[in-house]
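> sharing a sequence plus its predicted fold:
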Amino acid sequence: MSKITFAIGGVHPDDAKLSRNCAIEVLPLPQTMYVSMAQHLGAPAKPIVAVGDKVKTGQVIAEPGGFISAFVHSPASGTVKSIGPRKDLAGNPVTHIEIAVEGDEWVEGVDLSDTLVTEIPEERQAILDKIKACGVVGLGGATFPTHVKLNPAPGSVAECLILNGAECEPYLTSDFRIMLERTKEIVVGAAIMQKVLGGCRTVIGIEENKPEAIEAMRKAVAELPYKIEVLPLKKKYPQGGEKQLIQAVMHREVGSGGLPISVGAVVQNVATSLAVYEAVQKNKPLITNTLTVTGNCLPVEKQHNYLFRIGIPLSYIAEYAGGVPEGAAKLISGGPMMGRAIANLDAATVKGSSSILYLSEASTKRGQESLCIRCGRCTDACPMGLEPYLLNRLYKAGDVAALEANAAQDCIECGCCLYSCPAYIPLLDRVRQAKGMAMAAIRARAAAAKAAAEAKK
Ligand code: SF4
Ligand code: SF4
């Protein structure tokens with residue numbers, strides 16, 4: 001099996017896919033759900049229901065708040081109990097629609113059968129409209145509205161659609177499970193996006209540590225009438241990063257500040273492909289996703305992959321799975337490298353929720369920070385070719401111009417530098433802050449230039 005990968009940097013953490021053999025289970029509905037208005041990149045959605053309204057499963061309850069935004073649908077049938085601020089994962093107030101669940105009565109027109117629909121609609125705009133109407137966003141982490149990403153600006157040409165099946169973060173197995181259990185739907189979703197993008201080369205990239213998924217995808221591709229390749233990828237973190245996938249598959253570099261489409265690439269996650277299938281072929285809005293409950297302080301029998309309704313509180317899932325295990329020192333949403341600490345377990349799941357990860361004290365304990373010994377390991381590990389030790393120094397000095405000149409804005413927050421540093425310097429936190437400072441300067445300059453141009457008109 002020939003394997004490809006990106007050219008520079010990367011690390012090899014233990015993949016710890018402890019829940020890989022856990023088939024997807026359907027999580028039952030709780031009594032109350034909280035649907036966030038800010039579960040996609042871009043402007044928050046605007047509620048279009050009122051307290052006391054009766055809603056059905058799949059009904060639109062909020063509409064896009066801007067060009068880059070997404071529709072939000074009710075995850076169950078019931079009554080709107082409240083609309084207002086509720087704390088998200090990080091403890092920040094975000095508008096949620098609270099739904100008292102009374103059943104699971106779906107809106108009309110949704111095909112809830114398991115029948116595979118392989119015939120793809122002819123009209124490109126109708127497909128895009130359906131993806132938009134169903135609230136599909138990127139489920140690989142960025143939650144960028146999919147209908148926007150699949151509709152490149154005039155002059156941009158998609159030469160290659162890359163489906164990200166790398167799932168390179170340790171512990172996570174939800175993508176792996178859907179690649180095994182919803183294989184053909186994912187392939188049809190890829191073919192739909194391929195059609196929207198004008199029939200470009202389409203590749204499903206899967207890391208070599210998932211041979212069963214590679215085999216299942218190859219079989220599905222062989223049995224379906226589309227032109228799609230399945231490419232095994234070397235196991236190396238962060239193989240699933242957009243820029244790293246593009247480099248591995250297309251041997252092209254996305255320039256500083258550039259978008260994948262600037263080199264002819266569109267990258268979508270396998271879970272997004274499944275959501276596209278359900279939207280276009282089944283008329284089913286994005287109200288479910290798959291989530292892994294895992295960690296090194298959980299016994300094997302308490303590891304799970306769940307199909308959950310979006311809006312179920314994380315605490316309900318944790319309870320259903322057996323409770324927060326003793327010895328869990330850290331709770332993370334996402335993987336251990338790029339995930340976010342769960343500050344509020346009562347937070348509602350959102351479209352992009354992918355895990356509840358419990359890590360033990362021993363695995364999260366870091367040594368005392370000491371001085372940089374200039375070993376260069378962070379630079380060797382950085383897949384973006386940055387110099388994290390230097391960015392750390394410039395951040396501490398508050399030198400925004402030098403941070404920008406040294407491309408802090410290109411950091412993909414992968415954590416490879418932190419993982420590699422023998423001096424236990426919290427490089428990820430510092431580089432994240434440094435990136436924020438550089439991005440703020442870039443945005444401020446762009447806004448000033450726009451204002452000056454408008455003043456001249
Ligand atoms: S977090 Fe940023 S600086 Fe650190 S290795 Fe990743 S891309 Fe490089
Ligand atoms: S890995 Fe740590 S100690 Fe080594 S150069 Fe980078 S910041 Fe310094």
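Cool, got the structure. Numbering: from 1, shown residues only. Ligands and ions are numbered 1, 2, ... in the order given.

> now the helix or strand residue 81 falls within: buried residues?
Here residue 81, judged by DSSP states H and E, is contained in strand 77-87. By 16 or more other CB atoms under 10 Å, the buried positions in strand 77-87 come out as 77-78, 80, 83, 86-87. (Each C-beta comes from the backbone N, C-alpha and C, glycine too.)

> which of the residues you listed sits closest to ligand 2?
Ligand 2 lies nearest to residue 87 out of the buried residues of strand 77-87, by CB to the nearest ligand atom, at 34.5 Å.

> for that closest one, what are its contacts?
Applying CB atoms under 8 Å, 6 or more residues apart in numbering to residue 87 gives the contacts 93-94, 344, 346-347.

> turn the buried ones among the residues you listed into a named PyMOL selection, would you?
Typed into PyMOL, the line below selects the buried ones among the contacts of residue 87, using 16+ other CB under 10 Å:
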select buried, resi 94+344+347
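
> export the contacts of residue 87 to TSV and tack on secondary structure, distance to residue 432 and pLDDT?
Shown next, in TSV, are the contacts of residue 87 (DSSP: H, G, I helix; E, B strand; the rest coil; distance: CB to CB, whole Å; pLDDT from 0 to 100):
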residue	secondary structure	distance to residue 432	pLDDT
93	strand	22	95
94	strand	21	96
344	coil	20	95
346	coil	25	96
347	coil	21	97
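
> related to what we said a few turns ago, who does the strand holding residue 81 pair up with?
Next to strand 77-87 in the sheet, as set by DSSP bridges, lie strand 54-55 (antiparallel), strand 93-103 (antiparallel).

> for residue 69, which of those is the nearest?
Smallest distance to residue 69 across the strands paired with strand 77-87 (CB to CB): 13.1 Å, for strand 93-103.

> what's downstream of that closest one, the next helix or strand?
helix 124-133.

> buried residues in that following helix?
Of the residues in helix 124-133, those buried (16+ other CB under 10 Å) are 127-128, 130-133.

> how about residues contacting it?
Against helix 124-133 from outside (CB under 8 Å, 6+ apart): 60, 70-71, 120-121, 145-147, 150-151, 192, 195-196, 276, 279-280, 283, 285.

> so which of those reach ligand 1?
Here nothing survives when the contacts of helix 124-133 are matched to ligand 1 using CB under 6 Å from any ligand atom.

> filter these down to the buried ones.
For the contacts of helix 124-133, buried by 16+ other CB under 10 Å: 60, 70-71, 120, 145-147, 150-151, 192, 195-196, 276, 279-280, 283, 285.

> restricted to strands, list those residues.
Among the buried ones among the contacts of helix 124-133, the members falling in strands are residue 60 (criterion: DSSP state E).

> okay, and residue 222 sits in which element?
helix 211-223.

> no wait, residue 188
Assigned by DSSP H and E, residue 188 falls within helix 183-196.
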